[in-house]
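Q: sequence plus predicted model, see below.
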Amino acid sequence: MAAESVDVVIIGAGASGAAAAWSLSDTRMHIVCLEQGDWPDPARYPSTGRDWELRAMSDFSFNPNQRRNPGDYPINEDNSPIKIANFNGVGGGTVLYAGHFPRFHPSDFRVRSLDGVGEDWPIDYATLEPFYDENDRIMGVSGLQGDPANPPRPERMKPIPLGRAGAAVARGFNAKGWHWWPSDSTVATESHGGRAPCINLGHCLHGCAQGAKASTDITYWPLARRAGVEVRTRCRVREITTNDEGMATGVVYYDAEGGERFLGAEVVILACNGIGTPRLLLNSTSKRFPDGLANSSGLVGRNLMFHPYAYISGRFEETLDGGRGPSNGLWSQEFYETDLGRGFVRGFTYEFSRGQGPVMTALSGLGRGQLPIGAGHHEAYRRLHQKTTGMVAICEDLPELHNRVTLDPNLKDAHGIPAPRIDYTLSDNSRRMLAFAIDRASEVLKAAGAVHVHSESPLSIGGWHLMGTARMGLDPATSVVNEWGRSHDVRNLFIIDGSVFVTSAGVNPTSTIQALALYVADAIKSRLANLFD
Amino acid sequence: MTAPLSPAELDDLRALAGAMIPASQAHGVPGADDAEIFAEIARGAGTSADALRRLTATLGEGPGTLARLDRETLEARLVQTWGPDAGALYALALMHYYRDDRVMTALGLEPRPPFPLGHPLEDADPALLAPVKARVPFWRPAT
């Protein structure tokens, strides 16, 4: 086995790995990032070809079991009503996310104290705020200052245009007297950091060929590589190795040619998000760590949180936007903070969902029983075409021990590494929240003029947000990493992705994942002299 | 491994596609059994072969028999026996039909990929936001 050694190895080149690499690059340490996928090629993104909607269901599907790219690993998700969405490649989930970029609220860090459920975080909003701001600057955020539902934000690029669909939904919220606001988004509406502004391709969720949406392959990575960080693609880590003192010594990985290699490192940083991170920790067993690395609490893989999604759409008689334009651009946080009178604890965000292209309009119509065969087909299709819009409700999930990631006893990836298995049950609180969200959204859409409302809950394809499986905390008995991301058990092992989330909030998590990664990187830099004490 | 579709089975698939999405003079569109469109459907039919064979067994009397039915009869039988296999084949037809140049043009869409030209998107009236701007901040401080 060929051996080499570096100062820092980062596993995963997605949202958090890229941010930490950039932040740590100013230390001039020797940093290598290992990524099991490849560099994305925007010239090959679906929106460049006539089959753009079909490829969203094949090689650019956000479900790895459907996508089956060489960089992907299989996931046994049979025992979960919500299926996993991810992307394995440089940029990670930011390649396929919508770019919706809300922050946690201050109350999200004090869930136990304020609402008596979940746990409090060991850090607060004020701690993360400068890192949110720094991340916004690098990623480039559009939006509008002054949202009464959120603490103040720095100046942003102008918001994404509402379009006809967004204006219709906004009118619905206004009619109800409820909050809405132009979303914070990483879709650039002006030139930013070498990126061109959005031209409304309408295919943000399957890679932005324009480069307007910030994915870390085009934001953080060019900066980090220029500063000396090396990214090795098609390199899949099998395990993190340790010595007799319980310190990480490096990683064993398979290189692009399938060769087994060892990379020694003084510091190991895990950035594989809520499924990949516990999978790797559980696969890193040894005599000293028989139950997996960093797992003395038994919590590695437990407390898996998604955001259960409801999708609520309305069919209008007026022509709207169809598949033109970013999918989002408006949010409502009218029901974000806890009000027990609603029948559930915690809350949710509505994220506007603009519309669909011609193929997805047809397939959705089929799924909803709105598109007959035969002579009536064409009239029915024209009642749907460019006439549907709506929203999703992103509901806060609470940590529960039985929702977990384990290793499947049979399923393995292309390198023979045990694959993850998901066991997840929707809670009663989530069911009540989803039902409430559907009812209120239906009222909004009807007030906006919808002649028919349809809903789907929980959205089975909606496992975009993977959190909680290596939680942060002060007590080693009830958490996996400490308040600055260092493993309680292995003093040179850090975790910087969504798995450290203590609670999930009711918003898309990427801005918080990246703010945390920058915060942990800053903590490492400020403690270099005594990092392992 | 599923065997590829035989010529008789392809005839059945084409008849089904035409019954599901017929041509319409009123809307100026071809049917899904149009030669160009069906060529795309046939190219993508590999994973739907089993569904076609089950449906053929249900609706007809063996490969090639659906193609000999008149369209109204076939449509009526499909409606009467609608199930997952028919749904899978309908989805297959829809996926290829709604990216045909003539169909897109008839819908008022330009027959091109989104990139590089993109699309226009209107700004809304800024006054829409006025009632929300008037609200006092209502996020919960965590102190």
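A: Received the coordinates, thanks. Numbers count the residues shown, from 1 in each chain, chains lettered A, B, ... in the order given.
Q: every contact and neighbour count from this point should use C-alpha atoms.
A: Will do.
Q: could you pull out the helices for chain B?
A: Secondary structure of chain B, counting by DSSP state H: helices at B:7-20, B:35-43, B:49-59, B:71-80, B:84-97, B:101-106, B:130-133.
Q: could these go into CSV alongside mean neighbour count, distance to residue A:92 and mean pLDDT?
A: Shown next, in CSV, are these (neighbours: other C-alpha atoms under 10 Å in any protein chain shown; distance: least, C-alpha to C-alpha, whole Å; pLDDT from 0 to 100):
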stretch, mean neighbour count, distance to residue A:92, mean pLDDT
helix B:7-20, 23, 39, 96
helix B:35-43, 17, 32, 97
helix B:49-59, 18, 35, 92
helix B:71-80, 16, 44, 94
helix B:84-97, 20, 28, 97
helix B:101-106, 16, 33, 98
helix B:130-133, 15, 35, 98
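Q: show me what from the stretch 351-500 of chain A comes close to chain B.
A: By the rule C-alpha under 8 Å from any C-alpha of the partner chain, the part of the stretch 351-500 of chain A lying against chain B is A:358, A:359, A:362, A:363, A:366, A:373, A:374, A:375, A:377, A:378.
Q: pLDDT-wise, what's the bottom of those?
A: Across those, the smallest pLDDT goes to residue A:375, namely 91.
Q: and that one, what is it in contact with?
A: Shown in contact with residue A:375 (C-alpha atoms under 8 Å, 6 or more residues apart in numbering or on different chains): B:21, B:22.
Q: got it, and the one 3 residues further on?
A: Residue A:378 makes contacts with B:21, B:24, B:27, as judged by C-alpha under 8 Å, 6+ apart.
Q: could you do residue A:410 as well?
A: residue A:418.
Q: helix, strand or coil for it?
A: With DSSP: H, G, I helix; E, B strand; the rest coil as the basis, residue A:410 sits in strand.
Q: which residue is the nearest non-sequential neighbour of the residue of the stretch 101-250 of chain A found nearest chain B?
A: For the stretch 101-250 of chain A, the residue closest to chain B is residue A:148, as judged by C-alpha to the nearest C-alpha, at 3.9 Å. The shortest distance from residue A:148 to any non-neighbouring residue, by C-alpha to C-alpha, 6 or more residues apart in numbering or on different chains, is to residue B:137 (3.9 Å).
Q: the one you found is in contact with residue A:149, isn't it?
A: Yes. Look at residue B:137 against residue A:149 with C-alpha atoms under 8 Å: they come within range, at 5.8 Å.
Q: burial measure for residue B:6, as a count.
A: 12 (other C-alpha atoms under 10 Å in any protein chain shown).
Q: the host helix or strand of residue A:20 - contacts with which helices or strands?
A: Element membership for residue A:20 (DSSP states H and E) is helix A:15-24. Contact here means 3 or more C-alpha pairs under 8 Å, 6 or more residues apart in numbering or on different chains; DSSP states H and E; on that basis helix A:15-24 packs against strand A:2-11, strand A:31-34, helix A:220-226, helix A:510-526.
Q: residue in chain B with the shortest distance to chain A?
A: Counting by C-alpha to the nearest C-alpha, chain B gets nearest chain A through residue B:137, at 3.9 Å.
Q: so who does that residue touch?
A: Contacts of residue B:137 (C-alpha under 8 Å, 6+ apart): A:147, A:148, A:149, A:150.
Q: which of these count as buried?
A: A:147, A:148, A:149, A:150 (16 or more other C-alpha atoms under 10 Å in any protein chain shown).
Q: that older thread, any chance of TSV for the contacts of residue A:378, columns neighbour count, distance to chain A and pLDDT?
A: Output for those, formatted as TSV (neighbours: other C-alpha atoms under 10 Å in any protein chain shown; distance: C-alpha to the nearest C-alpha, whole Å; pLDDT from 0 to 100):
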residue	neighbour count	distance to chain A	pLDDT
B:21	24	6	98
B:24	13	8	97
B:27	13	7	97
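Q: tabulate those residues (CSV), appending distance to residue A:259.
A: Formatted as CSV, these follow (distance: C-alpha to C-alpha, whole Å):
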residue, distance to residue A:259
B:21, 52
B:24, 58
B:27, 59
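Q: so which of the residues you listed sit within strands?
A: Using DSSP state E, the subset of the contacts of residue A:378 located in strands is empty.
Q: ok, those residues vs residue B:83, which is closest?
A: residue B:21 (17.1 Å; C-alpha to C-alpha).
Q: now do the closest one against residue A:372, distance only.
A: As for residue B:21, its distance to residue A:372 is 9 Å (criterion: C-alpha to C-alpha, to the nearest Å).
Q: give me the helices and strands touching the one helix or strand residue A:434 maps to, please.
A: For residue A:434, the element it lies in under DSSP H and E is helix A:428-447. Packed against helix A:428-447 by the contact rule (3+ C-alpha pairs under 8 Å, 6+ apart) you find helix A:163-176, strand A:309-315, strand A:388-395, strand A:452-456.
Q: check which residues of the second one are buried.
A: Residues of strand A:309-315 classed as buried: A:309, A:310, A:311, A:312, A:313, A:314, A:315 (neighbour count, 16+ other C-alpha under 10 Å).
Q: the shortest one now?
A: By neighbour count on 16+ other C-alpha under 10 Å, the buried set for strand A:452-456 is A:453, A:455.
Q: from residue A:323, how far off is the residue lying closest to residue A:326 once chain neighbours are set aside?
A: Leaving aside its chain neighbours, residue A:326 sits nearest to residue A:202 (5.0 Å; criterion: C-alpha to C-alpha, 6+ apart). With distances taken as C-alpha to C-alpha, residue A:202 is found 5 Å from residue A:323.
Q: much appreciated, bye for now.
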